[in-house]
Every structure is written in C-alpha cells, then in structure tokens.
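# Any chance you can model this:
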Amino acid sequence: MFLTALIPTANHEVSPDGMLVRRLLQKDVSAFEQLYDRHLHIVYGLLLRILQQAGTAEEVAQDVFLQLWRNAGQYDEPRGPFIPWLLTLARNRALDTLRLKSERQRRRED
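The predicted structure is shown next:
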C-alpha cells in the first residue's frame, strides 16, 4: 500500500502522492481524502509510539492532516518522497505536544 510512495521516481516523473499533493493545492477534497486514507495508519502509528496515548495521538494526527490541507505547498517533491516528509511533520508535531505537556506539568509543580 505504501510501497509505491517509497520507490524513488525519475526526475521527470511525479509519484502518486505527488500528484495528489498537486491536486490538494487546488483544494481538491478527493485528493485529501485519498492521502488521508493512504497514510493515516502510518502517521497514527508513529504518533502513538511517541505520545503513548491513543487520544492524544488521534488529535495530533488530525492536526497533521489539517496542516497538510492548509500548507500542501510546503511539500517539495524534488527534495524527497512524500511519506518521510509527512512523517517528519507528524514527529515534529508530536514533540511539540510533549514539550507543551511538560511545560504545563512544570508550571503546575511550581
């Protein structure tokens, strides 16, 4: 399922995910749904490993895909495949969430 997005393409070819992102730039809801359906499980799995809480992982996954919807233009296909880019967004959002939780906990203790 995810293997086609991991296979490097020639410079003149556009990956299936790259085509969906291009459609996403046009605010194509169908393209968003396809990206969501294709990649939600891997994003959620990463978030769950980092955050260790299902509810928080679900919320952050929704935030990641909302960020994708709003900022699809940040993805630059010539720089690399879509999945590592998306997982980097998810990882960064998870770490931000952990830092915020830690800061809130520290403030409560003070």
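
# Using the three-state scheme, assign Val14.
Recorded secondary structure, Val14: coil (DSSP: H, G, I helix; E, B strand; the rest coil).

# How about the backbone phi and psi for it?
The phi/psi pair for Val14 (degrees, to the nearest 10) reads phi -110, psi 130.

# what's the helix or strand for the residue lying closest to Arg23 once chain neighbours are set aside?
In space, and not counting its chain neighbours, Arg23 is closest to Ala31: 3.6 Å by CB to CB, 6 or more residues apart in numbering. Backbone N, C-alpha and C define where each C-beta goes, glycine included. Element membership of Ala31 [criterion: DSSP states H and E] is helix 29-51.

# Spatially central residue in the protein, please.
Leu86 (3.5 Å; CA atoms, centre = their mean).

# I'd say that one and Leu68 touch.
Yes - judged on CB atoms under 8 Å, Leu86 makes contact with Leu68 at a distance of 7.0 Å.

# How about residues contacting whatever helix or strand comes next after the helix holding Ala31?
Using DSSP H and E, the helix or strand that follows helix 29-51 in sequence is helix 54-70. With CB atoms under 8 Å, 6 or more residues apart in numbering as the test, helix 54-70 has contacts from 24, 32, 35-36, 40, 43-44, 47-48, 50-51, 86, 89-90, 93-94, 97.

# in the helix or strand following helix 54-70, what counts as buried?
Using DSSP H and E, the helix or strand that follows helix 54-70 in sequence is helix 82-109. Residues of helix 82-109 classed as buried by neighbour count (16 or more other CB atoms under 10 Å): Phe82, Ile83, Trp85, Leu86, Leu87, Leu89, Ala90, Arg91, Arg93, Ala94, Thr97.
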